[in-house]
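1. when you get a sec, could you give me coordinates for this:
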Amino acid sequence: MKTYKGYLLDLDGTIYHGNRVIPEAVTFITYLQETNTPYLYVTNNSSTTPEKVAERLSNMGLPTTPDQVYTTSMATAKYLTEQKERPKTYFALGEEGLQTAMEEVGFSFTEENPSYVIIGIDRDITYEKLTTAMRAIRNGATFIATNADPALPTEHGLMPGNGALVAAVATASAERPTIIGKPESIIITYALEKLGTKPEETIIVGDNLHTDIQAGINSGIDTLLVLSGYSTLEDADKHDEPPTYVEHSLLTWMDKIRS
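-> Purely as a prediction, here's the structure:
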């Protein structure tokens, strides 16, 4: 069993289900803390800030600081700061997490000739917002999507995810976006930089083959599928590139790495 010096951890389905923490996750995070193993929560959720994610986790019995959280909104903001050739203006479908991340890197929101159109989850979506986004892209704005998750898991069941909004704008604008979040490698590259570990000594842990595990595969790092959420063992057997490891839970993984 290989020893890893850093962990990138998914949240929903890996650490919690909706508003309920997965007990095995608490035991595993405690183990990482006791062994001084660096870890970072990496989430496709663009709706909220790292401060609120940390507060939520802390309230679940997982003491967390904002610095231990990396969201797709943060990755989107970082990506756009690296695009030097255009004015720092944007229009977005999005919520507090995306708006805050963009403000923190000095971008200005506008509906008039933005340099970038960003699509993040927006539960106050309107036809007018979709129209503004589509027209801006057709007029030359660069099209960015925080993620393309088709459905969003909630305590009430699945709801349309950001991918549904991205698909609507992509169809209307006849343009394909640059996608920042999992399974793309952009967010993983930034997360590794923040965590401070090398790809070959880091593992990504998640419950979804198509986002978490594929992100690791696309980024050249080892992967651990935990069967506590979306994907099943049968799914893993059929996946084009199987995960490096498959475990029933984080507890069974911890038992192996401790032995």
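2. next one: the residue positioned nearest the centre of the chain from D67, what distance?
-> With distances taken as Cα atoms, centre = their mean, the chain has N44 as the residue nearest its mean C-alpha position (2.2 Å). For N44, the distance to D67 equals 19 Å [Cβ to Cβ, to the nearest Å]. For every residue, glycine as well, the C-beta is placed using N, CA and C.
3. report the contact partners of the nearest residue to Y90 once chain neighbours are set aside.
-> Distance criterion Cβ to Cβ, 6 or more residues apart in numbering; nearest residue to Y90, sequence neighbours excluded, is Y116 at 4.3 Å. Taking Cβ atoms under 8 Å, 6 or more residues apart in numbering as the contact definition, Y116 lies against 80, 83, 86, 89-91, 107, 141-144.
4. now do the phi/psi pair for Y116.
-> phi -130, psi 140 (degrees, to the nearest 10).
5. count the neighbours of the residue lying closest to G220 once chain neighbours are set aside for me.
-> In space, and not counting its chain neighbours, G220 is closest to P199: 5.5 Å by Cβ to Cβ, 6+ apart. P199 has 15 neighbours, counted by other Cβ atoms under 10 Å.
6. how much space separates P199 from L80?
-> P199 is 24 Å from L80, by Cβ to Cβ.
7. how about the helix or strand where L57 lies: buried residues?
-> Assigned by DSSP states H and E, L57 falls within helix 50-59. By neighbour count on 16 or more other Cβ atoms under 10 Å, the buried set for helix 50-59 is 50, 52-54, 56-57.
8. ok, then the element right after that helix?
-> Criterion used, DSSP H and E; the element after helix 50-59 is strand 69-71.
9. run through the neighbouring helices and strands of that next one.
-> Helices and strands touching strand 69-71, by 3 or more Cβ pairs under 8 Å, 6 or more residues apart in numbering; DSSP states H and E, are strand 39-43, helix 50-59, helix 185-195.
10. quick one: the longest one to strand 39-43, angle?
-> Right, the one you point to is helix 185-195. 150 degrees (axes from the mean of the first three to the mean of the last three Cα atoms, to 10 degrees).
11. assign a three-state SS to L224, would you?
-> The three-state label given to L224 by DSSP: H, G, I helix; E, B strand; the rest coil is strand.
12. what sits opposite it in the beta ladder?
-> Judged by DSSP bridges, the bridge partners of L224 are V205, Y245.
13. how many neighbours does it have?
-> 24.
14. just L165 next, same as before
-> L165: 23 neighbours (other Cβ under 10 Å).
15. can you check P177 too?
-> For P177, using other Cβ under 10 Å, the count is 19.
16. got the contact list for it?
-> P177 neighbours (Cβ under 8 Å, 6+ apart): 119, 143-145, 166, 169-170.
17. so the residue nearest to S173 when sequence neighbours are not counted is in which element?
-> Leaving aside its sequence neighbours, S173 sits nearest to I137 (Cβ to Cβ, 6+ apart; 4.0 Å). Assigning secondary structure by DSSP H and E places I137 in helix 127-138.
18. parallel or antiparallel, which strands does the following helix or strand past that helix pair with?
-> The helix or strand immediately downstream of helix 127-138 is strand 142-145, counting by DSSP H and E. Within its sheet, strand 142-145 is paired with strand 116-119 (parallel), strand 178-179 (parallel), according to DSSP bridges.
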